[in-house]
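Predicted model and sequence below, questions to follow.
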Amino acid sequence: SAVISQKPSRDICQRGTSLTIQCQVDSQVTMMFWYRQQPGQSLTLIATANQGSEATYESGFVIDKFPISRPNLTFSTLTVSNMSPEDSSIYLCSVERQGARTEAFFGQGTRLTVV
Amino acid sequence: DAKTTQPNSMESNEEEPVHLPCNHSTISGTDYIHWYRQLPSQGPEYVIHGLTSNVNNRMASLAIAEDRKSSTLILHRATLRDAAVYYCILRDVRRAGGTSYGKLTFGQGTILTVHP
């Protein structure tokens, strides 16, 4: 298994500000994934972060709004920039462990409220 | 990305079996069928996955149709702790920088309610 720690677990932020979410994994992984879960909705992939290269963003998400860092094989950050109330969501970090049983592991999420 | 279709919600009684259906008519030959569940206020957790044959683990069983266009997650004896949103996902294999990885595209899932 993989243990994923996200910080902060929740935050309330003023519109126009930025929040950086940290994701720490207890073992080295190649790919890390960032998801958004809007209230009452399913998860949507924001981007895929490969260590040593720029993140790959999904349609509808851009680097200026959601810059991602991936400085090493166990850590990543997602910044939500220039926030508006529409950014109020749960943001989740995920990694995939490949092997005999390929599965993804998710952090507990960061619950963000923008006021 | 391949898509899946699931009922919005299902209900069960405790200690009874639950069959959660999923349709994936556009599945490709290399797509693995994955099931995850999300308990309240938690991130999703892996349940089971399969390619063609039926699969069993300590949590559940996965029955895959012969044409692979549908599958059913089976909880043999539902407990209150099984109340969650269950997601049926086709794992799409991607490559980047020489590394292959799986992209998971979540649908709306099935909200399972378990009654005492």
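Received, thanks.

can we go C-alpha only for contacts and neighbour counts from here?
Noted.

Quick check: the closest residue to A:Thr20 other than its chain neighbours vs A:Gln28, distance?
For A:Thr20, ignoring the flanking residues on the chain, the nearest one in space by Cα to Cα, 6 or more residues apart in numbering or on different chains is A:Thr79 at 4.1 Å. As judged by Cα to Cα, to the nearest Å, A:Thr79 and A:Gln28 stand 22 Å apart.

Give me the more crowded residue out of those two.
Neighbour totals were compared for A:Thr79 and A:Gln28, and A:Thr79 leads with 18 against 14 (other Cα atoms under 10 Å in any protein chain shown).

okay, the helix or strand that contains the more buried one in PDB with CA atoms only?
Take DSSP states H and E as the rule and A:Thr79 turns out to sit in strand A:75-80. The C-alpha atoms that make up strand A:75-80 are tabulated as PDB, following Å, rounded to 0.1, in the frame of the first residue of the first chain:
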ATOM      1  CA  PHE A  75       6.300  15.100  -3.000                       C
ATOM      2  CA  SER A  76       4.100  17.400  -5.000                       C
ATOM      3  CA  THR A  77       2.200  20.600  -4.600                       C
ATOM      4  CA  LEU A  78      -0.900  22.000  -6.200                       C
ATOM      5  CA  THR A  79      -1.600  25.700  -6.100                       C
ATOM      6  CA  VAL A  80      -5.100  27.000  -6.600                       C
END
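
Please state the offset of it from the chain centre?
6 Å (Cα atoms, centre = their mean, to the nearest Å).

next structured bit after it?
strand A:89-97.

still on that earlier bit, against which helices or strands is the strand holding A:Thr79 packed?
In this structure, strand A:75-80 packs against strand A:19-25, strand A:68-72, with contacts taken as 3 or more Cα pairs under 8 Å, 6 or more residues apart in numbering or on different chains; DSSP states H and E.

how about a cut-off of 10 Å?
Packed against strand A:75-80 by the contact rule (3 or more Cα pairs under 10 Å, 6 or more residues apart in numbering or on different chains; DSSP states H and E) you find strand A:4-7, strand A:19-25, strand A:31-37, strand A:43-50, strand A:68-72, strand A:89-97.

wait, does the last one contact chain B?
Okay, so that is strand A:89-97. Yes - legend: contact between strand A:89-97 and chain B by Cα under 10 Å from any Cα of the partner chain is shown at A:Ile90, A:Tyr91, A:Leu92, A:Cys93, A:Ser94, A:Val95, A:Glu96, A:Arg97.

Lowest-confidence entry in these?
Ranked by pLDDT, the residues of strand A:89-97 next to chain B bottom out at A:Arg97, which has 80.

Point out the residues in chain A that sit beside chain B.
A:30-33, A:40-45, A:48-53, A:56, A:90-98, A:101-111.

Kindly recompute the last result at 7 Å.
A:Gln41, A:Ser42, A:Leu43, A:Thr44, A:Glu103, A:Ala104, A:Phe105, A:Phe106, A:Gly107, A:Gln108, A:Gly109 (Cα under 7 Å from any Cα of the partner chain).

By neighbour count, which of the residues you listed wins?
Most crowded among the residues of chain A next to chain B, counting by other Cα under 10 Å, is A:Gly109 at 29 neighbours.
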